[in-house]
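**Student:** just coords:
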């Protein structure tokens, strides 16, 4: 009866020929919303509002998980590039990684993704059929501890490297060393195929990869014998020449040079300040203090590099003697404040002149470019004999704030603190005129304005509408503005370097690039954008700059990033290694000469080792390295500390390729 009733039931909209698929159970915020809907009887009101809140919360959690995933991916890619020598592109995705891993394992990967073996697999004895359930596989398996004994490691000089390896299984002894390509091992009854990498010839299993292990051990211990010789320069402090261009304490200079000479320093770097030399009247150059200083340097037979410093010093809490722009320039600035960089609030930054006046005759009848050229030409004529004697090895050209090629977007005097994103500096009337011309040429005159949702100096990217994920930085207007902002920086450098090549013909020219590594793991790279580097995740902002430098045969000086705590780096989504990798490889791909400088004074071994890793990259197939390195000036307290001096001595010997083992302080 019950069966008959069941058969008589109507099959509304269903048939045995077309069964309905099972309904999927909602998950995540959908499940929470469904539960709320059931509890409320499907009606609207408070329950519907609660469901919307749950959905919004889940969206935020999803964003956080995605950011965390990207951060992990970025670290893995950096590790594969640095330690595995994988030629991954700058914007690698998982397909690039999988293809690189497959090629490393000996497979061929076509552009369409087809993957196949290029060589026959080494023969392995055919295993017997699998045993009945409950029995272990009848393979000869030994202990799961390392196959290399302490004695054999000592004989191979490779113990230090194997201490960091995961435990491996004994290799089937019936296999010859020459055929170890695919090894069958067993663990807990599970059969696995393991790739055994063998880059160097071996004669016995006790000396597996002995050559490679020895190299790794030497690198780990700090051995640098036979590596390229990298000259080391030390930068002099700013207070050695006063505002009247007089050398303050010649004997103290000689004493410090004796210290540096005993450490085998190759030379010194001296800032020649525009605010001192042409400090009081236009066209009145005073070089006497620098002449006395250069003569003392010549006594010690040290090389000399000079910096054409067109910026002020001491304005960002550096502790150095304050040096302003020339007094006559500041007088002009009182009547025409638009000669200085200006932020959106109208605050002026007197650290350097705005690039908007590069072609404007507002400096007593001269343009900004002409003022720079006259200063460089005066220096070349004054010290022509030192150029002829070869004492002056290079001239560094200051191109912006802190002497670096960048906008002054992080001024501490305006309240900026790490890791703020900074602010755009394009609101003086001259740069605004330039922006209006660019917008008119583009056909959108209403784009002739800076973004109004880019936050403040200490904002975070996600707090702004311009720099957040999918923000306005990647809109039509945002791309136009950022390209114009970055191109203005490139045009300034291009014009100054063209005249610098005329003034210093035949002399090595150097320009300095900053390391703006905070917010590097975000999509917008906000801190780089405000500084003038159009380098978001979908754009390579350094290539056009380096192409311009290549045209002028300029040496690139990269400021090696300072150290931050892991908590600070995590909070700021910072990636100093990723930025260094991008900048150095982009420059070397264009055959640019690259040198380095530490961003902050460093006295500990950890920082020295990080600089060495940057100066002499490991596993670099092209054997690229820095041309020279400039060390921030040493304080008197530092010179009196034996431990710090020992670390510096080890560092210099390592840079010179003379250190067999890094000595513990």
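**Tutor:** Ah, there it is. Please read all numbers here as calculations on a predicted model, not as lab measurements.
**Student:** Can you give me the distance of the residue sitting nearest the centre point of the chain to residue 459?
**Tutor:** Ranked by distance to the mean C-alpha position of the chain (CA atoms, centre = their mean), the top residue is residue 579 at 1.9 Å. Residue 579 sits 21 Å away from residue 459, taking CB to CB, to the nearest Å as the criterion. To be clear about C-beta, it is placed using only N, CA and C from the backbone, and glycine gets the same treatment.
**Student:** likewise residue 355?
**Tutor:** According to CB to CB, residue 355 stands 24 Å off from residue 459.
**Student:** Show me which of the two is the more surrounded one.
**Tutor:** A count of neighbours by other CB atoms under 10 Å puts residue 355 above the other of residue 355 and residue 459, at 27 against 17.
**Student:** so what's residue 593 closest to, chain neighbours aside?
**Tutor:** Of all residues beyond its chain neighbours, the one nearest residue 593 is residue 555 (4.4 Å), with distances taken as CB to CB, 6 or more residues apart in numbering.
**Student:** What residues sit buried inside the helix or strand residue 51 falls within?
**Tutor:** Element membership for residue 51, per DSSP states H and E: helix 46-84. Within helix 46-84, the residues that qualify as buried by neighbour count (16 or more other CB atoms under 10 Å) are 47, 50, 51, 54, 58, 67, 74, 77, 78, 80, 81, 82.
**Student:** In the stretch 501-650 of the chain, where is pLDDT below threshold?
**Tutor:** Along the stretch 501-650 of the chain, the model assigns pLDDT under 70 to residues 562-565, 601-604, 633-644.
**Student:** and the nearest residue to residue 282 once chain neighbours are set aside, what does it touch?
**Tutor:** Beyond its immediate neighbours in the sequence, the residue positioned closest to residue 282 (CB to CB, 6+ apart) is residue 364, lying 5.1 Å away. Taking CB atoms under 8 Å, 6 or more residues apart in numbering as the contact definition, residue 364 lies against 282, 328, 332.
**Student:** Just to check, the last one is in contact with residue 363?
**Tutor:** Yes: proximity of residue 332 to residue 363 meets the contact threshold set by CB atoms under 8 Å, at 6.4 Å.
**Student:** The stretch 451-600 of the chain: strands as residue ranges?
**Tutor:** Residue ranges of the strands in the stretch 451-600 of the chain, as given by DSSP state E, counting those that start in this stretch, are 508-513, 555-560, 594-598.
**Student:** List the contacts of the shortest one.
**Tutor:** I take that to be strand 594-598. Residues outside strand 594-598 that contact it (CB under 8 Å, 6+ apart) are 235, 510, 512, 555-560, 562, 584, 587-588, 607, 611, 614-615, 624, 626-632.
**Student:** Give me the buried entries from those.
**Tutor:** 235, 510, 512, 555-560, 562, 584, 587-588, 607, 611, 614-615, 626-631.
**Student:** Quick one: end-to-end distance for stretch 614-623.
**Tutor:** Start to finish, the residues bounding stretch 614-623 are 12 Å apart (CA to CA, to the nearest Å).
**Student:** Chain neighbours aside, what residue packs nearest to residue 495?
**Tutor:** Nearest to residue 495 is residue 369, by CB to CB, 6+ apart, at 5.4 Å.
**Student:** what does residue 550 give?
**Tutor:** Here the nearest residue to residue 550 in space, its sequence neighbours aside, is residue 590; by CB to CB, 6+ apart that works out to 5.0 Å.
**Student:** From residue 280, how far off is that neighbour?
**Tutor:** Separation of residue 590 from residue 280 (CB to CB) stands at 42 Å.
**Student:** low pLDDT regions in the stretch 1-150 of the chain?
**Tutor:** Low-confidence regions of the stretch 1-150 of the chain, defined here as pLDDT under 70, cover residues 1-49, 82-85, 90-91, 118-150.
**Student:** Can you show me the helices along the stretch 201-350 of the chain?
**Tutor:** For the stretch 201-350 of the chain, applying DSSP state H, counting those that start in this stretch gives helices covering 210-221, 250-262, 274-277, 288-299, 327-335.
**Student:** Can you give me the buried ones in stretch 484-496?
**Tutor:** For stretch 484-496, burial by neighbour count (16+ other CB under 10 Å) applies to 484, 485, 486, 487, 488, 489, 490, 492, 493, 495, 496.
**Student:** I'd guessed the first one sits against residue 438; true?
**Tutor:** The reference is to residue 484. Yes: the pair residue 484 / residue 438 is scored as a contact, 4.8 Å apart, by CB under 8 Å.
**Student:** show me the contacts for the residue nearest to the centre of the chain.
**Tutor:** Residues in contact with residue 579, defined by CB under 8 Å, 6+ apart, are 515, 516, 517, 520, 561.
**Student:** Return the distance of the last one relative to residue 412.
**Tutor:** Computed with CB to CB, the distance linking residue 561 and residue 412 is 18 Å.
**Student:** next one: residue 535
**Tutor:** The span separating residue 535 from residue 412 equals 23 Å under the rule CB to CB.
**Student:** Give the next helix or strand downstream of the helix or strand residue 609 falls within.
**Tutor:** Of the helices and strands defined by DSSP H and E, residue 609 is found in helix 605-615. Per DSSP H and E, helix 605-615 leads on to strand 629-631 as the next helix or strand towards the C-terminus.
**Student:** Output the contacting helices and strands for that next one.
**Tutor:** With contacts defined as 3 or more CB pairs under 8 Å, 6 or more residues apart in numbering; DSSP states H and E, strand 629-631 has these neighbours: strand 232-235, strand 594-598.
**Student:** which residue packs closest to residue 508, ignoring adjacent ones?
**Tutor:** Closest residue to residue 508 in three dimensions, ignoring its sequence neighbours and counting by CB to CB, 6+ apart: residue 394, at 4.1 Å.
**Student:** Provide the secondary structure category for that neighbour.
**Tutor:** The three-state assignment at residue 394 reads strand, by DSSP: H, G, I helix; E, B strand; the rest coil.
**Student:** partner residues bridging it?
**Tutor:** When bridges are assigned using DSSP bridges, the partners listed for residue 394 are residue 305, residue 508.
**Student:** Let me see the contact set for it.
**Tutor:** Taking CB under 8 Å, 6+ apart as the definition of contact, the neighbours of residue 394 are 305, 306, 507, 508, 509, 510, 555.
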